[in-house]
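**Student:** sequence? don't have it. structure:
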């Protein structure tokens, strides 16, 4: 009997149902930086080629454990709030999985939080944008505290003595998660708390109260009492907080640990159960006479903190472009190895159209994000030279809002379409695509949703009318190179002819500004195949509402080849 069974097994193994076939190999060992052709070209184009070797080193590292395990572990093991210790003492601590701390350590050691403030190399914002776009493809959640630490410094410099105290800690390249005095551990992570439940984006409706302890004024000590509806990364060492002082809404620097080593009256009420961004702790907090110091002039809180907000909006654009890049990598890799109806998916005409369209959107987002980062370099250079309203600063101001609106709006549907390329496999958590999809809406909401950004564009154009001229000058650097772009720019100019309805039409206007800017960048700097497909589908109307609707004559293979990871 035994020999008969053994013979049957050898002769007919059809019952062995677990033989895996027609599945893509694991996407491992990818240099996340060097394989991103559009990013590498942008780094060289905008003067930061010095960071390329460093980017490749980071890209190889990110393609290893960070992508393969840390991001997944940090999301599957969400932060846990501990309000009290076993004896009933209030401690307000958040426990994170070790993978979260590994991601944070990676970000800090690679200076994602500090490079423009410490580097003496040219165009450090451009260089940092490339590293940031590379690193957060491992996991987007840890980017939140990294970004806030990066963004706090320009606002903090409004109070020089506070900047002198905190800048060495904020820019340190060591990460220490312990809740002890920042000076003791030699580094600091920064957060921000503006939003309150009754106001939302209308921060001037905030009700948190600031009481002066020693006469008040810029740099003085205050006690803050109030409830903040959103405070991301509550385990940070310091926070910029908005509160109502006697003179009006003002900005304050609030530490978690007081100068004497005691814990500040900063109480975490709960962690938010969010759609995505699950590895990161977003919280609701209460301040019960928390000690803080005023940053900037009394009553000028929004003007002070807007410097931090502007830099976080920059990272929203870069982060959305990074998400699109991850989506393209996964979709093209799957399609290159999966066979259906007798052919590889990537060889089928309709799938080519979808993949090329996704690659096109990703490249356009990367081009805009990197040009925006370069604008921050240019604006900082002008500021250092004593210019407060240069063309670079005007362009940076309006292009940040335009890019934040458009690139971040495009991310969710891009993630969905890429997920669909994997079919049912993409709907399964193990693929990583659901995490990417859940994350995609965040950048559009964080630091100003669609309406806020559209109105911000109008505000910039109204406050300094020359801003529109500066923006159009940038776009028209491609003038005469493509008739479709020229026609769309002419149409954009006409959009400003009826000021009475401009606010109602603001989203459409900002959309046109974004498309013209992306078109100009691609016409000037991308291969002809990419620029032609973009102008045809996005500017000339020869494309549909969904991805996969590029004109039939598009150079699909060329576009996809630029987007695909090797292997």
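**Tutor:** That came in fine, so what should we check first? Keep in mind the model is a prediction, meaning the values are calculated, not measured. Residues are numbered from 1 along each chain as shown.
**Student:** going by C-alpha atoms from here, please, whenever you check contacts or count neighbours.
**Tutor:** Will do.
**Student:** who's in contact with the residue minimising distance to the centre of the chain?
**Tutor:** Centroid check for the chain by Cα atoms, centre = their mean gives residue 319 as the closest residue, at 2.6 Å. Each residue near residue 319 by Cα atoms under 8 Å, 6 or more residues apart in numbering is listed here: 132-133, 136, 140, 443.
**Student:** return the residues in contact with the nearest residue to residue 219 once chain neighbours are set aside.
**Tutor:** When the adjacent residues along the chain are set aside, residue 219 lies closest to residue 294, with 4.8 Å between them (Cα to Cα, 6 or more residues apart in numbering). With contacts defined as Cα under 8 Å, 6+ apart, residue 294 is in contact with 217-222, 250-253.
**Student:** swap in residue 138?
**Tutor:** Residue 138 sits next to 62-63, 66-68, 70-71 when contact means Cα under 8 Å, 6+ apart.
**Student:** now with 7 Å?
**Tutor:** Neighbour list for residue 138: 62, 66-67, 71 [criterion: Cα atoms under 7 Å, 6 or more residues apart in numbering].
**Student:** give me the spatial nearest neighbour of it, chain neighbours excluded.
**Tutor:** residue 67 is the one closest to residue 138 (Cα to Cα, 6+ apart), at 4.4 Å.
**Student:** quick check, the one you found in a strand?
**Tutor:** No - assigned with DSSP: H, G, I helix; E, B strand; the rest coil, residue 67 falls outside any strand and is helix.
**Student:** pLDDT at it, what is it?
**Tutor:** We have a pLDDT of 96 for residue 67.
**Student:** mind checking which of the contacts of residue 294 are buried?
**Tutor:** Taking 16 or more other Cα atoms under 10 Å as the criterion, what is buried in these is 217-219, 221-222, 250-253.
**Student:** now, which of those residues lie within strands?
**Tutor:** Those of the buried ones among the contacts of residue 294 mapping onto strands are 221-222, 250-253, per DSSP state E.
**Student:** before we move on, what SS does residue 161 have?
**Tutor:** helix.
**Student:** what's the closest non-adjacent residue to it?
**Tutor:** Nearest non-adjacent residue to residue 161, counting by Cα to Cα, 6+ apart: residue 219, 7.8 Å away.
**Student:** touching, that neighbour and residue 293? I think so.
**Tutor:** Yes - Residue 219 lies in contact with residue 293 (Cα atoms under 7 Å); the separation is 5.6 Å.
**Student:** overlap in contacts, the two.
**Tutor:** By Cα under 7 Å, 6+ apart, residue 219 and residue 293 have no common neighbours.
**Student:** Throw the contacts of residue 319 into JSON lines and include secondary structure and neighbour count, thanks.
**Tutor:** Conversion of these to JSON lines gives the following (DSSP: H, G, I helix; E, B strand; the rest coil; neighbours: other Cα atoms under 10 Å):
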{"residue": "132", "secondary structure": "helix", "neighbour count": "25"}
{"residue": "133", "secondary structure": "helix", "neighbour count": "29"}
{"residue": "136", "secondary structure": "coil", "neighbour count": "24"}
{"residue": "140", "secondary structure": "coil", "neighbour count": "26"}
{"residue": "443", "secondary structure": "helix", "neighbour count": "25"}
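**Student:** can I get these in JSON lines including pLDDT and distance to residue 240?
**Tutor:** Shown next, in JSON lines, are the contacts of residue 319 (pLDDT from 0 to 100; distance: Cα to Cα, whole Å):
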{"residue": "132", "pLDDT": "98", "distance to residue 240": "22"}
{"residue": "133", "pLDDT": "98", "distance to residue 240": "25"}
{"residue": "136", "pLDDT": "97", "distance to residue 240": "24"}
{"residue": "140", "pLDDT": "97", "distance to residue 240": "22"}
{"residue": "443", "pLDDT": "97", "distance to residue 240": "20"}
